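> Sequence first, then the predicted structure, then my questions.
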Amino acid sequence: MKTTSLVLALLLPCALGGGCTLVVMNRAECDTQHPLCPVGYRCQEGDCVLIEPDADADTDADTDTDTDTDADVDITCPQDDMVRIPDTLVCIDRYEASQGPGGEAVSAAGVIPWVEVTWDGADYACAMAGKRLCDADEWIRACEGPAENTYPYGNAFNPQACNGCGYWENCLELHTIATGSVETCEGGVAGLFDMSGNVAEWTAGCDYFCDVMGGSSWGFERSITCRSRQELSPEHDQWRTDIGFRCCLSL
């Protein structure tokens, strides 16, 4: 009895996950009927031997983990007005936000986007809709798509593909148009519109700078790419006629 108590006292730190160098026990204290071995060890011919991990099991586990966020996994967004960002568990609004009757952000086609909204106002409007502002990396990944395109529609600039400077004869005037009305301005995933031009978009995080992505109808070729960003000072009462937003949702 005393011997057994001593053995258990020695093994307790091992069983609790603490540091332990005791890996071998006497035959009399370890047998297949009474395997007094710590967690992670097994009784083999009277000795406590470390259990080696199953390489095949590890491979299977890694595969399962990878497919959790794989673009081919059938994980759909809970709302039809959103699409899933590739290789993530995040959904993004299909359209630039318009203002709902209760002040919440709405993702809908054929509506003039909500502009003249502060970062705080955009953040609150997304929260009212049960969503949040997208962070800049999420926004970029959605715009580029799996192919990591320069523009949502591809790598070659097409001035007529989206509502930017070049879509209109007069680039000096602001031409904000209804969401989704330029059918060629779709991507980087199917059903996602106006990630280039129309209105620039607030993104999450507004401490040192507020990141505004995508450019507006004033934007030239280099300022309406998927990685085009403006860094505005974090004055939370500022707004512009060419800046709107869209929302994201974590699954």
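In hand now; what should we look at?
> pLDDT weak spots in the protein?
Scanning the chain for pLDDT under 70 picks out the ranges 1-43, 45, 48-74.
> CA atoms only for stretch 187-201, dumped as CSV, please.
Extracted as CSV, the C-alpha positions of stretch 187-201 are listed here (Å, rounded to 0.1, in the frame of the first residue of the first chain):
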residue,chain,number,x,y,z
GLY,A,187,-15.6,40.2,-58.1
GLY,A,188,-13.2,38.9,-56.7
VAL,A,189,-16.0,36.4,-55.8
ALA,A,190,-19.2,36.0,-57.7
GLY,A,191,-22.0,38.3,-56.5
LEU,A,192,-19.7,40.9,-54.9
PHE,A,193,-20.1,44.4,-56.5
ASP,A,194,-18.4,47.8,-56.6
MET,A,195,-15.2,46.9,-54.8
SER,A,196,-13.5,49.3,-57.2
GLY,A,197,-14.7,52.9,-57.5
ASN,A,198,-18.3,54.3,-57.0
VAL,A,199,-17.6,55.2,-53.3
ALA,A,200,-14.5,54.6,-51.2
GLU,A,201,-15.2,52.5,-48.1
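> Check which residues of that stretch are buried.
Neighbour counts over stretch 187-201 (16 or more other CB atoms under 10 Å) mark 187-189, 192-201 as buried. All C-beta atoms are positioned from the backbone trio N, CA, C, and that covers glycine.
> Sort out for me which of those are in strands.
Among these, the ones falling in strands (DSSP state E) are Ala200, Glu201.
> Going by distance to Gly121, which of the buried residues of stretch 187-201 wins?
Among the buried residues of stretch 187-201, Glu201 lies closest to Gly121 (CB to CB), at 13.3 Å.
> Hmm, that closest one is touching Cys210, no?
No. Using CB atoms under 8 Å as the test, Glu201 is too far from Cys210 to be in contact (11.1 Å).
> Phi and psi next, for the closest residue to Cys226 other than its chain neighbours.
Nearest residue to Cys226 in three dimensions, chain neighbours excluded: Cys143, at 3.7 Å (CB to CB, 6 or more residues apart in numbering). Main-chain torsions, Cys143, degrees, to the nearest 10: phi -70, psi -40.
> Surely Cys143 and Gly187 touch.
Yes. With contact defined as CB under 8 Å, Cys143 reaches Gly187; the gap is 7.5 Å.
> what's the overlap in contacts for the two?
The contact sets of Cys143 and Gly187 overlap at Pro152, Met195 (CB atoms under 8 Å, 6 or more residues apart in numbering).
> Can you tell me how far the nearest residue to Gly145 once chain neighbours are set aside is from Cys143?
Spatial nearest neighbour of Gly145, excluding adjacent residues (CB to CB, 6+ apart): Gly188 at 2.3 Å. Relative to Cys143, Gly188 is positioned 5 Å away (CB to CB, to the nearest Å).
> Between these two, which contacts overlap?
Pro152, Met195, Cys226.
> Quick check: Val117 touching Asp242?
No. In this structure, Val117 is not within contact of Asp242 by CB under 8 Å, at 11.5 Å.
> Isn't Ser107 up against Gly244?
No. Here Ser107 lies out of contact with Gly244, judged by CB under 8 Å, at a distance of 11.6 Å.
> how is this structure carved up into domains?
2-50, 76-251 (automatic domain parsing).
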